[in-house]
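Participant: I need the structure of the sequence given here:
(one chain, ligands or ions: 1)
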Amino acid sequence: MLWNWIALSRFEPMENILNYINGELVAPVSQSFLDNINPATNEVYSYCPDSDERDVQLAYEAAEAAFPIWSEMSTGDRSRIMLKIARLIEENNDALSLAESIDQGKPLWLAKHGEIPRAQSNIHFFATAIEHFASEAHPMGNHALNYTLRTPVGVVACISPWNLPLYLFTWKIAPAIAAGNCVVAKPSEITPMTAYLFSKICMEAGLPKGVLNIVHGLGPKVGSAMVGHPKINTISFTGGTKTGAEIARVAAPMFKKLSLELGGKNPTIIFADCDFEKTVKESVRASFTNQGEICLCGSRIYVERSIYDKFKTAYVTQVAALKIGDPLQDETKVGAIASKVHFDKILSYIELAKEEGGSILTGGKAFVPQGRCENGLFIEPTVIEGLNHLCRTNQEEIFGPVVTLQPFDTEEEVLEYANSTQYGLACSVWTENLGKAHRVSAKIKSGIVWINCWLLRDLRTPFGGVKQSGVGREGGWEALRFFTEAKNVCVKL
Ligand code: NDP
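Facilitator: Residues are numbered from 1 along each chain as shown. So this is what the prediction gives:
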């Protein structure tokens, strides 16, 4: 019945997801497929290509063949095709949201009102941005004129993770193709469905064959073949820090251009002079949206001691009230964990927190819903206190519905806590004191700081992390610069 809904909105019910190579939907060369599991029921519901380096090579050849035409097409023509893709995403929001929710475990409403509209915005944003992208000129008086040419780099690789599947996939593909590159892309094999539906959208929109090629399969097979491909010299990757390190290790001796968006362990800093009600509500959202499986989620909450007990009571009350269960129900706030491997990892961190002396204030175990999701992968939103900021629970990325609370006394102390991890992706600060907000923002070691808000995004702003949270920035001009090569031309006058 669910697939009928998708069929009604133009997508056929299917068992096998297919690769998208040279404008066609094709099975992998190996003819083998991997089980694709619905985490809310823990049942196989479709099959994902188990591709390998042969499929990557075919994708590369298609991209290489398409490059001369696509890169020389006017920005206006490229933009028009991309705008059509954006429109088709919007028209198919219901089907894409349903597919994303089933594939990833997130609440359907979140996919429908957050993620899929954002995928549409990603394409729309870069389709229009490319029309305004300009390069610099540097006149040397009457002697000479320098001007900078920005040309597409060629065939690029885009590799994305499972937590925000279509959102992050399009966040890379959109600037890459807008700038005139051709792409070999790999979504996570844990959540391949919306990338597959996206390939159908690209076909319907008339994207020329070979401009985008999507190869499904495992990271160590497909991803590493893309990274190690001798002719693909630009890689945009979002995923874990460990995988990013492996990619950097392979890419460095080949002098590839890299953009790495990696893990996070983001602090939420709450001062006593915050707007209390708003802070509690938003910090619950920052902790548990998408089951805490967003790289930007705040997982270490530091609260000024004078309001610590009051905050703890209010926060834990709201967390305990979050409805967990069937992602397809409107009232569900916390859905399923994306995979069994990840589910086990999160539970092991809860055990570690207990061993390290933490007290569980709410949650702390797997959740078993009644009915169709009784075998699904659910974990109660979990709040822990009593841990030192340097313990493993507070230092390592858990990437699930698990949060720690810790009091602090001074600005210096909380900055030390906040900056103590190997990560530096995002931070949110809650205070009504303007001077303090600016002071703390300047001293936080992260790529993004939100003051009195969380996940408020403007696609023009630079996005990325410092330390082991990444290398480079996405978003706006940063992304278009990454996907182009600058060449200075100096003319003697
Ligand atoms: P992984 O690093 O495991 O995987 C990311 C992607 O890389 C997947 O498509 C994966 O394939 C692929 N991959 C795995 N091994 C290799 C390899 N050797 N070479 C090339 N590609 C490979 O991350 P997760 O999917 O588990 O995603 C969660 C992580 O992503 C978290 O650490 C999170 O913080 C981070 N993240 C960062 C964001 C940011 O903007 N900074 C945003 C969102 C998430 P497959 O899974 O199919 O095997």
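Participant: So what's the residue count around the nearest residue to residue 257 once chain neighbours are set aside?
Facilitator: Leaving aside its sequence neighbours, residue 257 sits nearest to residue 234 (CB to CB, 6 or more residues apart in numbering; 4.4 Å). Placement of C-beta: from N, CA and C, glycine included. By the measure other CB atoms under 10 Å, the count of residues near residue 234 is 23.
Participant: Let me see the mean pLDDT of the longest helix seen in the chain.
Facilitator: For the chain, the longest helix by residue count, based on DSSP state H, is helix 53-72. In this model, helix 53-72 has a mean pLDDT of 98.
Participant: following that helix, which helix or strand shows up next?
Facilitator: Downstream of helix 53-72, the first helix or strand assigned by DSSP states H and E is helix 75-91.
Participant: List the contacts of residue 263.
Facilitator: Counting by CB atoms under 8 Å, 6 or more residues apart in numbering, residue 263 touches 240-241, 295, 397, 399, 423, 425, 468-469.
Participant: quick check, residue 118 in a helix?
Facilitator: Yes - assessed by DSSP: H, G, I helix; E, B strand; the rest coil, residue 118 belongs to a helix.
Participant: Smallest gap between the stretch 51-200 of the chain and the ligand, at which residue?
Facilitator: Going by CB to the nearest ligand atom, the ligand is nearest to residue 161 of the stretch 51-200 of the chain, at 3.1 Å.
Participant: Enumerate every residue touching that residue.
Facilitator: Residues near residue 161 by CB under 8 Å, 6+ apart: 168, 188, 238-240.
Participant: Let's verify it: helix, strand, or coil?
Facilitator: Residue 161 ends up coil, using three-state DSSP.
Participant: Give me the pLDDT value at it.
Facilitator: pLDDT recorded at residue 161 is 98.
Participant: Can you pull the phi/psi pair for the residue nearest to it when sequence neighbours are not counted?
Facilitator: Spatially, and ignoring its direct neighbours in sequence, residue 161 is nearest to residue 239 (4.5 Å; CB to CB, 6+ apart). With angles defined as degrees, to the nearest 10, residue 239 sits at phi 170, psi -160.
Participant: ok, how many other residues are close to residue 239?
Facilitator: With other CB under 10 Å as criterion, residue 239 counts 22.
Participant: where's it relative to the ligand, distance?
Facilitator: Distance, residue 239 to the ligand, using CB to the nearest ligand atom, to the nearest Å: 3 Å.
Participant: Just list the residues touching that residue, thanks.
Facilitator: Contacts for residue 239 (CB under 8 Å, 6+ apart) come out as 159-161, 219, 261-262.
Participant: Over to residue 488?
Facilitator: 146-149.
Participant: Can you tell me which of those residues is nearest residue 49?
Facilitator: Set against residue 49, the nearest of these by CB to CB is residue 149 (38.4 Å).
Participant: hey, where'd the helices end up in the stretch 251-400 of the chain?
Facilitator: With DSSP state H, counting those that start in this stretch as the criterion, the stretch 251-400 of the chain has helices at 276-288, 308-320, 340-355, 392-395.
Participant: Let me have those helices in JSON lines, extended by mean neighbour count, distance to the ligand and mean pLDDT.
Facilitator: Shown next, in JSON lines, are the helices of the stretch 251-400 of the chain (neighbours: other CB atoms under 10 Å; distance: least, CB to the nearest ligand atom, whole Å; pLDDT from 0 to 100):
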{"stretch": "helix 276-288", "mean neighbour count": "20", "distance to the ligand": "15", "mean pLDDT": "98"}
{"stretch": "helix 308-320", "mean neighbour count": "17", "distance to the ligand": "21", "mean pLDDT": "98"}
{"stretch": "helix 340-355", "mean neighbour count": "16", "distance to the ligand": "7", "mean pLDDT": "98"}
{"stretch": "helix 392-395", "mean neighbour count": "18", "distance to the ligand": "14", "mean pLDDT": "98"}
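Participant: OK, now which residue of the stretch 1-150 of the chain is nearest to the ligand?
Facilitator: Closest residue of the stretch 1-150 of the chain to the ligand, CB to the nearest ligand atom: residue 48 (8.7 Å).
Participant: related to what we said a few turns ago, out of the contacts of residue 488, flag the one nearest to residue 68.
Facilitator: Taking the contacts of residue 488 together and measuring to residue 68 by CB to CB, the closest member is residue 149, at 16.9 Å.
Participant: and residue 134, how many neighbours does it have?
Facilitator: Using other CB under 10 Å, residue 134 is surrounded by 8 other residues.
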